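Peer 1: I need the structure of the sequence given here:
(one chain, ligands or ions: 1)
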Amino acid sequence: MTRVLYPGSFDPVHNGHIEIIETASTLFDEVVVAAMINTTKDGVFELDDREEMITVSTEHLSNVSVKMFSGLVVDLAREIDADFIVKGLRAVSDFENELQMAQMNNAASGIHTLFIPSASRSSFLASKFIRDFARYGGNISGMVPEPVAIRLKERYG
Ligand code: PNS
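Peer 2: Below you'll find the predicted structure:
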C-alpha cells in the first residue's frame, strides 16, 4: 500500500489543487492532504478553515483524508508514515522552489517528492489571484469548488 502526503498552503484550495488530488488518488492507495503554513506567505484563512474547505471539496474521493499541521513537512510525513510527498507543478517558474524544497526534505529525512504536472486548463490558477478576484467582485466560477466560492463570498462580500 502506497500512502502519499500532499502538503500545501491551500489558502484557499482551488480547482488546480483538486485536480492534483484527484490524479494522486488514482495513482496511489491513500492520499493525505495537509493544510500547512508557508512562512513566505501571509495566511488569510485559518488552518482549520482551510482544512474544512479541502475536506468538503474532496468528499467524492474515498481514499483521500485531510489534516492541518503547523510544523515541518518531513515531520508530518514521518508521523503518518508517508511513502512519498506529492506536489503539483503549474509551470517552470514553480520548479526552482519546488526542487529546492524536495532536495531539502530528502536531505533531512530521505523522503522523495514526486511531481504531478497540472493540466494546462488549470495552470494559471493561484490562491492569491483567486482571493484578489473574490475581494474585488471578479468572477471566480469554475476556479474553485462551490463550497470555497461560498466561503470567499462570506469573507469578502
Ligand atoms: O502551497 P504552497 O504555499 O506552495 O506550500 C508550501 C508548503 C506549505 C508545502 C511549504 O511552505 C512547507 O513545506 N511548509 C511547512 C514547513 C516546512 O517543512 N518547511 C521546509 C520546506 S523545505
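Peer 1: got the residues of the chain near the ligand?
Peer 2: For the chain, the residues in contact with the ligand (CB under 6 Å from any ligand atom) are Pro7, Gly8, Ser9, Met36, Ile37, Asn38, Lys41, Leu72, Val73, Met101, Met104, Asn105. (Each C-beta comes from the backbone N, C-alpha and C, glycine too.)
Peer 1: Any of those residues buried? List them.
Peer 2: Neighbour counting over the residues of the chain next to the ligand (16 or more other CB atoms under 10 Å) leaves Pro7, Gly8, Ser9, Met36, Val73, Asn105 as the buried ones.
Peer 1: Mind checking which residue lies nearest the centre of this structure?
Peer 2: Gly8 (4.0 Å; CA atoms, centre = their mean).
Peer 1: isn't that residue right up against Val32?
Peer 2: No: between Gly8 and Val32 there is no contact under CB atoms under 8 Å: 11.9 Å.
Peer 1: residues of the helix or strand containing Phe129 that come out buried?
Peer 2: Remark: Phe129 resides in helix 127-135, with elements defined by DSSP states H and E. Across helix 127-135, burial judged by 16+ other CB under 10 Å covers Ser127, Ile130, Arg131, Ala134.
Peer 1: and if you look at stretch 10-30?
Peer 2: Neighbour-count burial for stretch 10-30, with 16+ other CB under 10 Å as criterion, is recorded at 10-25, 28, 30.
Peer 1: Narrow the residues you listed to those in helices?
Peer 2: Using DSSP state H, the members of the buried residues of stretch 10-30 that fall within helices are Asn15, Gly16, His17, Ile18, Glu19, Ile20, Ile21, Glu22, Thr23, Ala24, Ser25.
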